[in-house]
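Undergrad: Provided below are the primary sequence and the corresponding predicted coordinates.
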Amino acid sequence: MSAVRENGVIVAIDGPSGAGKSSLTKLLAKRLGYIHIDTGAMFRAVALSAKRAGIASDDDKGLAELCQGLEISFARDGETCRVLANGEDVSSEIRTEEIGLLTSTISARKPVRQALLEMQRRMGAKGGVILEGRDIGTVVFPDAEVKFFLSASAEERGRRRYLELAARGESATLEETIAKVIQRDRQDEGREHAPLKQAEDAVPIDSTSLSIEQVLELMERTVKERLAQGGKG
Ligand SMILES: Nc1ncnc2c1ncn2[C@@H]1O[C@H](COP(=O)(O)OP(=O)(O)OP(=O)(O)O)[C@@H](O)[C@H]1O
Ligand SMILES: Nc1ccn([C@H]2C[C@H](O)[C@@H](COP(=O)(O)O)O2)c(=O)n1
């Protein structure tokens, strides 16, 4: 294990959409007493801001300027964590399917990745943190002490997303939702800059037939074993 940082280790959780990253990151962070950073929410905040400003998803100059003037932060209040873009709470607005797909497109642009890479490294540098995303273990913190690659079949991930949408009263069919999951996988895996892929030293977890609790147990055990091998908690 590399030298441990001021506040503890860095845990990276990467994987495709709907694999359970956000749910597990929050639960694991609570168990370990770590903070969690949802990097997808940061990309979503950029996409929402670009949409509002009428910046096209291939306008690299416009996107670079947008990112320069955009401060993304998290407001933590007990169990909840709000996402702020220049001080405005955008937590709900960034969670629509439309913003999800736009985010997948905009996050492929180099100036956006560069701007958020710097922010994410600053946020996580002291350790004691779990970051979830697509490229945490490969690009943002390739030296993270613990890396997980969390996946599940596209059908199962689509089913989970469909249930979420139904609970929110949003109309979508299961087939459409699975198709969107597959489209997002293709975009995230196929892009030139920082594509979604498993880091060589990541622990793979297929959650298709595991409960959230089972995945949590597995992750917690793995982190604690690594800490016992030479880190501090
Ligand atoms: N192992 C699991 N079994 C059943 N449901 C799960 C499991 N893991 C996550 N879920 C559910 O699947 C949905 C998607 O999970 P979550 O938002 O954590 O995924 P994600 O990987 O963060 O997705 P995205 O990258 O799109 O934000 C949630 O409703 C969550 O409760
Ligand atoms: N580290 C990251 C995190 C997210 N993205 C992109 C790719 C996703 O399709 C989109 C939304 O992420 P989600 O909130 O669904 O996890 O953001 C990325 O490229 N890199």
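TA: Cool, the structure landed. Predicted model only: the values in this text are computed from it and were never measured. Ligands and ions are numbered 1, 2, ... in the order given.
Undergrad: got the contact list for the helix or strand hosting Leu101?
TA: If you go by DSSP states H and E, Leu101 is part of helix 97-106. With contact meaning Cβ atoms under 8 Å, 6 or more residues apart in numbering, helix 97-106 is reached by 17, 40, 43-44, 46-48, 50-51, 57, 63, 93-94, 112, 165, 170, 172, 180, 183-184, 187-188. For glycine as for every other residue, the C-beta is placed from the backbone atoms N, C-alpha and C.
Undergrad: just the buried members of those?
TA: Buried members of the contacts of helix 97-106, scored by 16 or more other Cβ atoms under 10 Å, are 17, 40, 43-44, 46-48, 50-51, 57, 63, 93-94, 112, 165, 180, 184, 187-188.
Undergrad: Just the ones of the residues you listed in helices?
TA: Taking DSSP state H, the ones among the buried ones among the contacts of helix 97-106 that sit in helices are 40, 43-44, 46-48, 50-51, 63, 112, 165, 180, 184, 187-188.
Undergrad: what's the closest non-adjacent residue to the most centrally placed residue in the chain?
TA: For the chain, the residue nearest the mean C-alpha position is Gly133 (2.7 Å; Cα atoms, centre = their mean). Leaving aside its sequence neighbours, Gly133 sits nearest to Thr39 (Cβ to Cβ, 6 or more residues apart in numbering; 3.7 Å).
Undergrad: try Thr138
TA: Ala199 (4.9 Å).
Undergrad: For that neighbour, which residues are in contact?
TA: Ala12, Asp14, Gly137, Thr138, Pro142, Lys147, Phe149.
Undergrad: how much space between it and ligand 2?
TA: 13 Å (Cβ to the nearest ligand atom, to the nearest Å).
Undergrad: Same question for Ala19.
TA: Counting by Cβ to the nearest ligand atom, the gap from Ala19 to ligand 2 is 9 Å.
Undergrad: before we move on, what SS does that residue have?
TA: coil (DSSP: H, G, I helix; E, B strand; the rest coil).
Undergrad: hang on, it packs against Ala152?
TA: Yes: Ala19 is within contact range of Ala152, at 5.2 Å (criterion: Cβ atoms under 8 Å).
Undergrad: Now the common contact residues for those two.
TA: Ser207.
Undergrad: Mind checking which of these two has more residues around it?
TA: Ala19 (27 against 23; other Cβ atoms under 10 Å).
Undergrad: show me the contacts for the nearest residue to that one once chain neighbours are set aside.
TA: Take Ala19 and drop its neighbours on the chain: the residue closest to it by Cβ to Cβ, 6+ apart is Leu150, 4.5 Å away. With contacts defined as Cβ under 8 Å, 6+ apart, Leu150 is in contact with Ile13, Asp14, Gly15, Ala19, Gly20, Lys21, Leu24, Ile205, Ser207, Val215.
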